[in-house]
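**Q** From the sequence below, what's the structure:
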Amino acid sequence: MRPHSHTGGRHELGQNFLTHRPTLRRLTDLVAETDGPILELGAGDGALTEHLARLGRDLRAIDIDARRVARLRTRVPTASVQVSDALHEPLNRPVVVGNIPFHLTTPILRRLLDHDGWRHAVLLTQWEVARKRAGVGGATMMTAQAAPWFSFRQHERVPAAHFRPMPAVDGGILTVSRRERALLATQERRPYESFISAVFRSRGHGILQVLRNTGHPPSRAHGALSDAGVAHRALPRDLRPEQWATLWKRLNAHDSRRAGQ
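**A** Prediction:
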(Lines give C-alpha, C1' and ligand atoms only; values in the text may rest on other atoms or scores of the structure.)
Protein backbone atom coordinates (compact mmCIF):
# COMPACT_ATOMS: atom_id res chain seq x y z
CA MET A 1 0.00 0.00 0.00
CA ARG A 2 1.37 3.41 -0.92
CA PRO A 3 1.86 5.84 1.97
CA HIS A 4 -0.66 8.62 2.32
CA SER A 5 0.92 11.89 1.17
CA HIS A 6 0.17 15.24 2.74
CA THR A 7 0.96 18.61 1.23
CA GLY A 8 0.11 20.88 4.15
CA GLY A 9 2.53 22.95 6.20
CA ARG A 10 4.66 21.50 8.97
CA HIS A 11 2.47 23.07 11.65
CA GLU A 12 -0.48 21.21 10.16
CA LEU A 13 1.51 17.98 10.33
CA GLY A 14 2.51 18.54 13.94
CA GLN A 15 6.20 19.03 13.15
CA ASN A 16 8.48 21.84 14.29
CA PHE A 17 11.65 22.65 12.35
CA LEU A 18 14.88 22.51 14.32
CA THR A 19 16.83 25.63 13.37
CA HIS A 20 19.62 25.57 15.98
CA ARG A 21 22.84 24.58 14.22
CA PRO A 22 24.73 23.45 17.36
CA THR A 23 21.88 21.03 18.14
CA LEU A 24 21.87 19.76 14.55
CA ARG A 25 25.60 19.13 14.88
CA ARG A 26 25.09 17.44 18.25
CA LEU A 27 22.51 15.05 16.79
CA THR A 28 24.89 14.30 13.91
CA ASP A 29 27.79 13.68 16.29
CA LEU A 30 25.70 11.16 18.23
CA VAL A 31 24.85 9.37 14.98
CA ALA A 32 28.55 9.44 14.04
CA GLU A 33 29.28 7.36 17.15
CA THR A 34 27.26 4.52 15.61
CA ASP A 35 27.83 2.60 12.39
CA GLY A 36 25.75 1.25 9.53
CA PRO A 37 22.97 2.61 7.30
CA ILE A 38 20.80 5.41 8.67
CA LEU A 39 17.05 6.00 8.59
CA GLU A 40 15.89 9.57 9.26
CA LEU A 41 12.27 10.01 10.31
CA GLY A 42 10.45 13.26 9.49
CA ALA A 43 13.17 14.87 7.36
CA GLY A 44 11.12 18.01 6.57
CA ASP A 45 13.23 20.63 4.76
CA GLY A 46 16.38 18.63 5.39
CA ALA A 47 18.29 20.68 7.97
CA LEU A 48 19.36 17.48 9.73
CA THR A 49 19.48 15.45 6.50
CA GLU A 50 22.23 17.68 5.10
CA HIS A 51 24.34 17.15 8.22
CA LEU A 52 23.78 13.39 8.18
CA ALA A 53 24.70 13.18 4.49
CA ARG A 54 28.15 14.56 5.33
CA LEU A 55 28.86 11.39 7.30
CA GLY A 56 29.13 9.60 3.94
CA ARG A 57 26.93 6.69 5.01
CA ASP A 58 23.94 5.04 3.36
CA LEU A 59 21.09 7.41 4.26
CA ARG A 60 17.35 6.99 3.76
CA ALA A 61 15.24 10.00 4.75
CA ILE A 62 11.46 9.91 4.86
CA ASP A 63 8.76 12.51 5.24
CA ILE A 64 5.00 12.46 4.85
CA ASP A 65 4.95 15.74 2.88
CA ALA A 66 5.42 14.98 -0.85
CA ARG A 67 6.37 18.55 -1.78
CA ARG A 68 9.14 18.69 0.78
CA VAL A 69 10.39 15.28 -0.31
CA ALA A 70 10.64 16.49 -3.92
CA ARG A 71 12.67 19.55 -2.88
CA LEU A 72 14.88 17.55 -0.54
CA ARG A 73 15.81 15.09 -3.27
CA THR A 74 17.38 18.01 -5.11
CA ARG A 75 19.04 19.47 -2.01
CA VAL A 76 20.57 16.17 -0.84
CA PRO A 77 21.03 13.99 -3.95
CA THR A 78 23.23 11.50 -2.11
CA ALA A 79 20.35 10.44 0.16
CA SER A 80 17.39 8.24 -0.73
CA VAL A 81 14.47 10.54 0.12
CA GLN A 82 11.02 8.99 0.06
CA VAL A 83 7.41 9.81 0.94
CA SER A 84 6.57 7.61 3.90
CA ASP A 85 4.88 7.68 7.30
CA ALA A 86 7.04 7.09 10.39
CA LEU A 87 4.21 5.04 11.87
CA HIS A 88 4.40 2.56 8.97
CA GLU A 89 7.96 2.77 7.67
CA PRO A 90 9.95 -0.46 8.19
CA LEU A 91 12.48 0.13 10.96
CA ASN A 92 15.06 -2.10 9.36
CA ARG A 93 18.20 0.05 9.41
CA PRO A 94 20.77 -0.13 12.21
CA VAL A 95 20.47 3.57 13.08
CA VAL A 96 17.24 5.56 13.39
CA VAL A 97 17.37 9.32 13.87
CA GLY A 98 14.82 12.10 13.77
CA ASN A 99 13.20 15.22 15.08
CA ILE A 100 10.03 13.43 16.17
CA PRO A 101 6.66 15.23 15.97
CA PHE A 102 5.86 15.77 19.62
CA HIS A 103 2.32 14.39 19.35
CA LEU A 104 3.68 11.16 17.81
CA THR A 105 6.49 10.58 20.29
CA THR A 106 4.84 7.75 22.23
CA PRO A 107 3.55 5.72 19.25
CA ILE A 108 6.89 6.05 17.45
CA LEU A 109 8.78 4.97 20.57
CA ARG A 110 6.46 2.00 21.01
CA ARG A 111 7.08 0.98 17.39
CA LEU A 112 10.84 1.21 17.90
CA LEU A 113 10.78 -0.87 21.05
CA ASP A 114 8.65 -3.51 19.36
CA HIS A 115 10.85 -3.95 16.26
CA ASP A 116 14.13 -5.84 15.88
CA GLY A 117 15.73 -4.27 12.78
CA TRP A 118 17.67 -1.42 14.42
CA ARG A 119 20.41 -1.02 17.05
CA HIS A 120 20.63 2.69 17.91
CA ALA A 121 18.11 5.54 17.91
CA VAL A 122 18.94 9.24 18.24
CA LEU A 123 15.72 11.16 18.78
CA LEU A 124 14.70 14.74 19.45
CA THR A 125 11.56 14.51 21.58
CA GLN A 126 9.74 16.57 24.16
CA TRP A 127 12.02 17.30 27.10
CA GLU A 128 9.76 15.59 29.62
CA VAL A 129 9.55 12.49 27.43
CA ALA A 130 13.34 12.32 27.22
CA ARG A 131 13.57 12.65 31.01
CA LYS A 132 10.94 9.99 31.68
CA ARG A 133 12.32 7.48 29.20
CA ALA A 134 15.83 7.92 30.66
CA GLY A 135 14.44 7.35 34.15
CA VAL A 136 15.28 10.81 35.48
CA GLY A 137 13.21 11.19 38.63
CA GLY A 138 12.16 7.55 38.46
CA ALA A 139 11.42 4.98 35.79
CA THR A 140 8.05 4.83 34.03
CA MET A 141 6.23 1.63 33.21
CA MET A 142 7.25 1.80 29.52
CA THR A 143 10.91 2.25 30.42
CA ALA A 144 10.85 -0.56 32.98
CA GLN A 145 9.22 -2.88 30.46
CA ALA A 146 11.90 -2.20 27.85
CA ALA A 147 14.96 -1.84 30.10
CA PRO A 148 16.14 -5.49 30.01
CA TRP A 149 16.63 -5.16 26.25
CA PHE A 150 17.31 -1.44 25.74
CA SER A 151 19.27 1.32 27.44
CA PHE A 152 18.05 4.92 27.48
CA ARG A 153 20.08 8.09 27.89
CA GLN A 154 18.99 11.70 28.16
CA HIS A 155 21.21 14.37 26.63
CA GLU A 156 20.82 18.12 26.13
CA ARG A 157 17.69 20.15 26.63
CA VAL A 158 16.66 22.03 23.47
CA PRO A 159 14.77 25.28 24.17
CA ALA A 160 11.49 25.80 22.33
CA ALA A 161 12.98 28.96 20.78
CA HIS A 162 15.27 26.74 18.67
CA PHE A 163 12.29 25.46 16.64
CA ARG A 164 10.12 27.06 13.96
CA PRO A 165 7.23 27.30 14.53
CA MET A 166 8.01 27.46 18.24
CA PRO A 167 6.32 24.65 20.22
CA ALA A 168 4.77 25.15 23.66
CA VAL A 169 7.43 23.01 25.38
CA ASP A 170 11.17 22.43 25.16
CA GLY A 171 12.70 19.50 23.34
CA GLY A 172 15.33 17.07 24.51
CA ILE A 173 17.76 14.63 22.93
CA LEU A 174 17.17 10.97 23.80
CA THR A 175 19.28 8.04 22.68
CA VAL A 176 18.08 4.45 22.83
CA SER A 177 20.41 1.50 22.25
CA ARG A 178 19.73 -2.19 22.08
CA ARG A 179 21.75 -3.96 24.75
CA GLU A 180 24.56 -6.14 23.40
CA ARG A 181 23.72 -8.62 26.15
CA ALA A 182 20.09 -8.55 27.16
CA LEU A 183 19.27 -8.92 30.84
CA LEU A 184 16.47 -11.38 30.02
CA ALA A 185 15.79 -13.82 27.19
CA THR A 186 13.66 -12.65 24.28
CA GLN A 187 11.00 -15.29 24.93
CA GLU A 188 10.45 -13.82 28.39
CA ARG A 189 9.56 -10.38 27.09
CA ARG A 190 5.76 -10.61 26.90
CA PRO A 191 5.23 -12.23 30.30
CA TYR A 192 7.79 -9.85 31.81
CA GLU A 193 5.94 -6.85 30.34
CA SER A 194 2.69 -8.16 31.84
CA PHE A 195 4.43 -8.52 35.20
CA ILE A 196 5.71 -4.92 35.06
CA SER A 197 2.28 -3.66 34.03
CA ALA A 198 0.65 -5.41 36.98
CA VAL A 199 3.22 -4.03 39.42
CA PHE A 200 2.97 -0.44 38.18
CA ARG A 201 -0.83 -0.53 38.18
CA SER A 202 -1.13 -2.02 41.64
CA ARG A 203 -1.32 0.02 44.82
CA GLY A 204 0.78 -0.39 47.91
CA HIS A 205 3.10 1.40 50.32
CA GLY A 206 6.32 0.02 48.93
CA ILE A 207 7.29 -2.71 46.49
CA LEU A 208 6.81 -5.56 49.00
CA GLN A 209 3.17 -4.64 49.52
CA VAL A 210 2.72 -4.08 45.78
CA LEU A 211 4.04 -7.56 45.01
CA ARG A 212 1.74 -9.05 47.64
CA ASN A 213 -1.19 -7.23 46.04
CA THR A 214 -0.29 -8.74 42.66
CA GLY A 215 -0.49 -12.28 44.04
CA HIS A 216 3.03 -13.02 45.33
CA PRO A 217 3.14 -14.38 48.91
CA PRO A 218 5.12 -12.11 51.28
CA SER A 219 7.78 -14.73 52.02
CA ARG A 220 8.50 -15.28 48.31
CA ALA A 221 8.46 -11.56 47.55
CA HIS A 222 10.74 -10.90 50.53
CA GLY A 223 13.33 -13.36 49.25
CA ALA A 224 13.20 -12.04 45.68
CA LEU A 225 13.62 -8.44 46.86
CA SER A 226 16.55 -9.44 49.03
CA ASP A 227 18.26 -11.15 46.08
CA ALA A 228 17.68 -8.07 43.92
CA GLY A 229 18.97 -5.69 46.61
CA VAL A 230 15.68 -3.77 46.76
CA ALA A 231 14.34 -2.16 49.94
CA HIS A 232 10.82 -3.21 50.88
CA ARG A 233 9.63 0.40 50.95
CA ALA A 234 11.05 1.25 47.53
CA LEU A 235 8.59 2.26 44.85
CA PRO A 236 8.45 0.60 41.40
CA ARG A 237 9.88 3.75 39.82
CA ASP A 238 13.01 3.42 42.02
CA LEU A 239 14.22 0.06 40.71
CA ARG A 240 17.14 -0.17 38.28
CA PRO A 241 16.96 -2.42 35.18
CA GLU A 242 19.23 -5.03 36.76
CA GLN A 243 17.04 -5.14 39.85
CA TRP A 244 13.88 -5.63 37.78
CA ALA A 245 15.55 -8.47 35.88
CA THR A 246 16.69 -10.21 39.08
CA LEU A 247 13.28 -9.75 40.69
CA TRP A 248 11.56 -11.27 37.66
CA LYS A 249 13.97 -14.20 37.50
CA ARG A 250 13.47 -15.07 41.16
CA LEU A 251 9.70 -14.78 41.12
CA ASN A 252 9.34 -16.47 37.74
CA ALA A 253 11.65 -19.33 38.69
CA HIS A 254 9.48 -20.08 41.72
CA ASP A 255 6.29 -20.02 39.62
CA SER A 256 7.93 -22.28 37.00
CA ARG A 257 8.93 -24.83 39.64
CA ARG A 258 5.39 -24.89 40.99
CA ALA A 259 3.95 -25.37 37.50
CA GLY A 260 6.29 -28.33 36.92
CA GLN A 261 5.24 -30.14 40.07
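
**Q** all helices of the stretch 101-250 of the chain, in order?
**A** Ranges of helices in the stretch 101-250 of the chain, per DSSP state H, counting those that start in this stretch, are 105-113, 127-133, 141-146, 189-201, 207-213, 218-228, 241-260.

**Q** residue contacts, the residue positioned nearest the centre of the chain?
**A** Residue closest to the average C-alpha location in the chain (Cα atoms, centre = their mean): residue 109, at 4.4 Å. Contacts were defined as Cβ atoms under 8 Å, 6 or more residues apart in numbering; by that measure residue 109 touches 123, 125, 129, 133, 142, 176. C-beta here means a position set from N, CA and C on the backbone, and glycine is covered the same way.

**Q** just residue 146 next, same as before
**A** For residue 146, the contacting residues are 113, 152, by Cβ under 8 Å, 6+ apart.

**Q** Read off the pLDDT value for it.
**A** Looking at residue 146, its pLDDT stands at 97.

**Q** do the same with residue 8
**A** You'll see residue 8 listed with a pLDDT of 40.

**Q** Tell me which residues touch the residue nearest to residue 107 when sequence neighbours are not counted, please.
**A** Using Cβ to Cβ, 6 or more residues apart in numbering and skipping residues adjacent in sequence, the residue nearest residue 107 is residue 87, 6.1 Å away. Contact criterion Cβ under 8 Å, 6+ apart gives 104, 107-108, 111 as the residues in contact with residue 87.

**Q** From those residues, pick the one nearest residue 27.
**A** When the contacts of residue 87 are compared for distance to residue 27 (Cβ to Cβ), residue 108 comes out closest, at 15.9 Å.
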